[in-house]
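Asker: Here's a sequence, model it:
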Amino acid sequence: MSEISEVLPQTPEREHKQSESSDTEYDVHYSPIISLPEVQVSLNEDDETEFLKIRAKLYRFDSLSEPAEWKERGTGELKILRHNENSSFRIVMRRDKTLKVCANHFITPWMELKPNSTNKKAFIYTVLGDFADEQVKSECLAVKFGSMENANLFKNKFEEAKKILKIDCDLYNGKVDKLINDSLNESLTENRNNEEAEEITKKLTELEVTNEDEKEE
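Answerer: As a prediction, this is how the structure comes out:
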C-alpha cells in the first residue's frame, strides 16, 4: 500500500496534509493565465432619474404569426425613467441574467393602460415607437406583475408620469407648439418684408429709367 502511495502524483490536498506534519508549509495558489480588466458598461441612463423599478414579465402581440398570438419577451426589472432636463419619461426593461433590452419606449400623455380581462395583475397598452430591437417598431405590449400591489403601483406611477408630461415637458405642454408658431410667423413676416422691399426697389428702378429717358428727349 505504501508503494502505491509513493507512485501516485501529489495533489494539492495531499501536499497540504503532508505540510501539516512537516516543517515546510505549502501555500496552494493558482494564478490566472490571463488577467481580464474590469469593463464598465454604460446603460445610457446617466441623464435620467429612476421613477420606478419593479419586477415584471413582458409580452408582445405578434399579429403576423399564424394564428396571431401573445409571445413572451422577457422577465426582469422594469424601470420608468425621468429625464433630468426635459422631464420626458421612458420605460426600459432588461431580461434577467443577459440584461438584453426587451422594452425601450417613451410614455406619452395619450397612452392608455387597459386591464387584462383574464388577469387583474396585467395591463395592455400600445406604443408607436419601441426601440428594443434597435429599430423603431409599433408594438402592442402586455406587462404582468407578481402581485396586485405591484400592478397598482405601476399603474399609479404610469398615470402620474402622464400628468407630469402635460405640465413640465415642453413637448406636450404647448411650449414647443408656441415656439414653432412664433418661428413660422417670424418667417412669414420676414418674407413679407422682403417682398415689399423688392417691390419698392422695382418701382424705384422703373422711376429712374423713366427719368433718364426724359432727360435724353
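Asker: Now residue 74. Its backbone dihedrals?
Answerer: Main-chain dihedrals, residue 74, degrees, to the nearest 10: phi 160, psi 160.
Asker: mind listing what it touches?
Answerer: With contacts defined as CB atoms under 8 Å, 6 or more residues apart in numbering, the neighbours of residue 74 are 57, 58, 93, 94, 95, 96, 100, 102. (Glycine included, C-beta is placed from N, CA and C.)
Asker: same thing with residue 126?
Answerer: 111, 138, 139, 140, 141.
Asker: Quick one: buried ones out of the residues you listed?
Answerer: 111, 139, 141 (16 or more other CB atoms under 10 Å).
Asker: out of the contacts of residue 126, which one sits closest to residue 120?
Answerer: For the contacts of residue 126, the residue nearest residue 120 by CB to CB is residue 141; the value is 17.4 Å.
Asker: what stretches of this protein score poorly on pLDDT?
Answerer: Filtered on pLDDT under 70, the chain yields the residue ranges 1-28, 36, 38-42, 176-197, 199-217.
Asker: all helices for it, in order.
Answerer: Assigned by DSSP state H, the chain shows helices spanning 2-7, 12-21, 148-168, 175-216.
Asker: Residue 106 bridge partners, please.
Answerer: residue 90 (DSSP bridges).
Asker: which ones are touching it?
Answerer: Listed by CB under 8 Å, 6+ apart, the contact set of residue 106 reads 88, 89, 90, 91, 127, 129.
Asker: please redo it, this time with the cut-off set to 7 Å
Answerer: 88, 89, 90 (CB atoms under 7 Å, 6 or more residues apart in numbering).
Asker: roughly how far apart are the second one and residue 72?
Answerer: Separation of residue 89 from residue 72 (CB to CB, to the nearest Å) stands at 25 Å.
Asker: Also the last one?
Answerer: In this structure, residue 90 and residue 72 are 22 Å apart, going by CB to CB.
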